[in-house]
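# pasting the sequence and the predicted model now:
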Amino acid sequence: MHATRQKQDAAGGGRPAARGRMAVLAAALALSACTTMQIEERNFIRPDRPGDERGAATLERALPAAFTLREESIAMADGVNLRGVSLSRADSAATVLYFGGNAFHLDQHGAEVLAALAPCRVDLTMFDYRGYGRSGGVPDVATMKADALREFDLVDAARPGRVIVHGQSLGSFIAAYVAQQRPVRALVLESTTTNALDWANANVPWYARPFITVELSAPLREIDNVATLAGYNGASLLLTGEDDRVTPLPLARKVLAALPGQRKRLLALPGAGHNNVLEQPASGAAYCDFVRDSVAGPAPAAAPVGAGL
């Protein structure tokens, strides 16, 4: 990816500046007394705010000749319109439904995702989360889960049994939930982690950990990839950077161990951090191999109805 994607958020909502403030706060607390740090949804999910600055839109201008673009819109029951795009090519082998990180905006970052995945001969569908970019509304854990299922249903209706779900960082929780609830063709988790608590603890500086107890609100305690993926037996590819300090490699390894199926792989990329995994050459080669193998594999089994996180 390019510099714009380097500015995307961490899994739990830690924009670079916010993560810096967390470190300063933790250091101050360590010098004073033991304390409890309460983390709410608003700390974990950070939608657009008035005055937020983003780079110029690049998606339409950077569209390769092989692709056609169609705008997508989903009207949710609460009146919120989710907006996204479908990028299609005539020779596609599968469709990737992509869920970005916490600062992902399809207008600013979508072209980079498309450039990384285009060699794998896939269609690509991306939506802005509610409260981000083109989409209206205010996000929380429950609505983001419901939105993701509607997005999958839209894409799967056009390409039944051909949808690979891909989630980066925060999006890895969303993608895992969809894989639990729907018959996805395959699952890609990029820069992923086990759960919100592990993420929060990993982002507390080591010198402050003896002095801080992290507590999560009830909705955040439900965000747990280990529990969510316990019943997923389909093909899965985990991509992570060896130098990722936001969602460290040992946590991705725990997610891999939790997957019960045999068709799973973790690729740890030397020199890569949290937000530059897909730009690594080894990542692109592994992704294309994974798409080819997934399309050639057995049809996805139906997901259990009504399972929770």
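Structure's in. What do you need?
# drop to CA atoms for contacts and neighbour counts, all remaining ones
Will do.
# where's Phe152, which helix or strand?
helix 141-158 (DSSP states H and E).
# what helices and strands are in contact with that helix?
strand 163-168, helix 170-181, helix 218-221 (3 or more CA pairs under 8 Å, 6 or more residues apart in numbering; DSSP states H and E).
# so can I have a markdown table of the ones you listed showing distance to Pro205, mean pLDDT and mean neighbour count?
Below are the helices and strands packed on helix 141-158 laid out as a markdown table (distance: least, CA to CA, whole Å; pLDDT from 0 to 100; neighbours: other CA atoms under 10 Å):
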| stretch | distance to Pro205 | mean pLDDT | mean neighbour count |
| --- | --- | --- | --- |
| strand 163-168 | 23 | 98 | 27 |
| helix 170-181 | 21 | 97 | 26 |
| helix 218-221 | 21 | 90 | 14 |
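# what's the average pLDDT for the helix holding Phe152?
Helix 141-158 carries an average pLDDT of 97.
# report the contact partners of the residue positioned nearest the centre of the chain.
For the chain, Gly171 is the residue whose C-alpha lies nearest the centre (CA atoms, centre = their mean; 1.8 Å). Residues near Gly171 by CA atoms under 8 Å, 6 or more residues apart in numbering: 11, 99-102.
# repeat that for Ala142.
Pro219.
# distance of Ala208 from Trp199?
Distance of Ala208 to Trp199, given as CA to CA, to the nearest Å: 15 Å.
# any chance of TSV for the contacts of Gly171, columns pLDDT?
Below are the contacts of Gly171 laid out as TSV (pLDDT from 0 to 100):
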residue	pLDDT
Ala11	44
Phe99	98
Gly100	97
Gly101	95
Asn102	90
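# and of the residues you listed, the nearest to Asn81?
When these are ranked by distance to Asn81 (CA to CA), Phe99 comes first, at 16.8 Å.
# now do the helices in this structure.
Here the chain has its helices, by DSSP state H, at 3-6, 16-32, 41-44, 106-117, 141-158, 170-181, 196-202, 218-221, 225-228, 249-258, 281-296.
# ok, and which of those helices has the densest surroundings?
helix 170-181 (a mean of 26; mean count of other CA atoms under 10 Å).
# in PDB, list the C-alpha atoms belonging to that helix.
C-alpha atoms of helix 170-181 as PDB (Å, rounded to 0.1, in the frame of the first residue of the first chain):
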ATOM      1  CA  LEU A 170     -11.000  -4.100  12.800                       C
ATOM      2  CA  GLY A 171     -12.500  -5.700   9.700                       C
ATOM      3  CA  SER A 172     -11.100  -9.100  10.600                       C
ATOM      4  CA  PHE A 173     -13.700  -9.300  13.500                       C
ATOM      5  CA  ILE A 174     -16.400  -8.400  11.000                       C
ATOM      6  CA  ALA A 175     -15.200 -10.900   8.400                       C
ATOM      7  CA  ALA A 176     -15.000 -13.700  11.000                       C
ATOM      8  CA  TYR A 177     -18.600 -13.000  12.100                       C
ATOM      9  CA  VAL A 178     -19.800 -13.200   8.500                       C
ATOM     10  CA  ALA A 179     -18.000 -16.500   8.100                       C
ATOM     11  CA  GLN A 180     -19.700 -17.800  11.200                       C
ATOM     12  CA  GLN A 181     -23.100 -16.700  10.000                       C
END
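# okay but Gln168 is in contact with Thr193, surely?
No - applying CA atoms under 8 Å, one finds Gln168 not in contact with Thr193, separated by 10.1 Å.
# okay, now the unreliable bits of this protein?
Across the chain, the ranges flagged by pLDDT under 70 are 1-33, 302-309.
# now with 50, please.
Along the chain, the model assigns pLDDT under 50 to residues 1-18, 29, 31, 305-309.
# give the contact list for Arg221.
195-197.
# distance of it relative to Gln280?
Relative to Gln280, and taking CA to CA, Arg221 is found at 33 Å.
# same deal with Val178?
The value you get for Val178 to Gln280, if CA to CA is used, is 26 Å.
# ok, now Ala103?
Taking CA to CA as the measure, Ala103 falls 21 Å from Gln280.
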